[in-house]
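Q: Requesting a structural model of the entry that follows:
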Amino acid sequence: MTEVDAQDLAARYIAQWTEPDAAERRASIERLWAENGTHVLHPPQDIRTAAAALGFDHTTLVAQGHDAIETRVTRSYERFVAKEGFTFRPSGDAVRLHDVVKFTWEAVSTESGDVMGGGLEVLVLDDDGRIKTDYMFPS
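A: Take a look at the predicted model:
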């Protein structure tokens, strides 16, 4: 497997979510993600509650491939960065074990600097060091 520095990967991964330029955001996705990469989101409690009310016993949100991941990242940027004034930052705790990189991140108010949330990422890499599967657990 290609050598991948866990801290660098975490920083580049987080940067894609805060990139204001659409063309650069897409280029970042293509550099980071395998062509058929999959982003799996453990949704927030309100979404899980709504799904349970409809009879679903579990909910998983999935985006697969560069186009779907670009849509997911762009929607997140539009809502949390452009509209709500957050930025995201890695917590500096990234570790790599074989083809898996794990790290936490924070959502920070750009106005106050307060940490408003965060989450855990578990990235599974392909042989080229690109993201094959991303398991996101927001807190």
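
Q: How about residues contacting the one helix or strand residue 133 maps to?
A: Residue 133 belongs to strand 131-138 when assigned by DSSP states H and E. Contacting residues not belonging to strand 131-138 are listed as 13, 32-34, 37-42, 44, 99, 117-126 [Cβ atoms under 8 Å, 6 or more residues apart in numbering]. All C-beta spots, glycine's among them, are computed from the backbone N, C-alpha and C.

Q: and the angle from the worst-scoring helix or strand of the chain on mean pLDDT to strand 131-138?
A: The least trusted helix or strand in the chain, going by mean pLDDT, DSSP states H and E, turns out to be helix 45-53, with a mean of 86. Put simply, helix 45-53 runs at 90 degrees to strand 131-138, going by axes from the mean of the first three to the mean of the last three Cα atoms, to 10 degrees.

Q: Which ones among the contacts of strand 131-138 lie within strands?
A: If you go by DSSP state E, these have 33-34, 37-41, 117-125 in strands.

Q: Return the member of these nearest to residue 4.
A: residue 125 (6.3 Å; Cβ to Cβ).

Q: Need the nearest residue in space to the closest one, chain neighbours excluded.
A: residue 99 (4.7 Å; Cβ to Cβ, 6 or more residues apart in numbering).

Q: try residue 92
A: residue 7 (7.0 Å).

Q: and that neighbour, that one's in a helix?
A: Yes. Residue 7: assigned to a helix according to DSSP: H, G, I helix; E, B strand; the rest coil.

Q: Quick one, grab the pLDDT at the residue of the chain most remote from its centre.
A: With Cα atoms, centre = their mean as the measure, the chain has its most outlying C-alpha, relative to the mean C-alpha position, at residue 55: 27.7 Å. For residue 55, the pLDDT comes out at 88.
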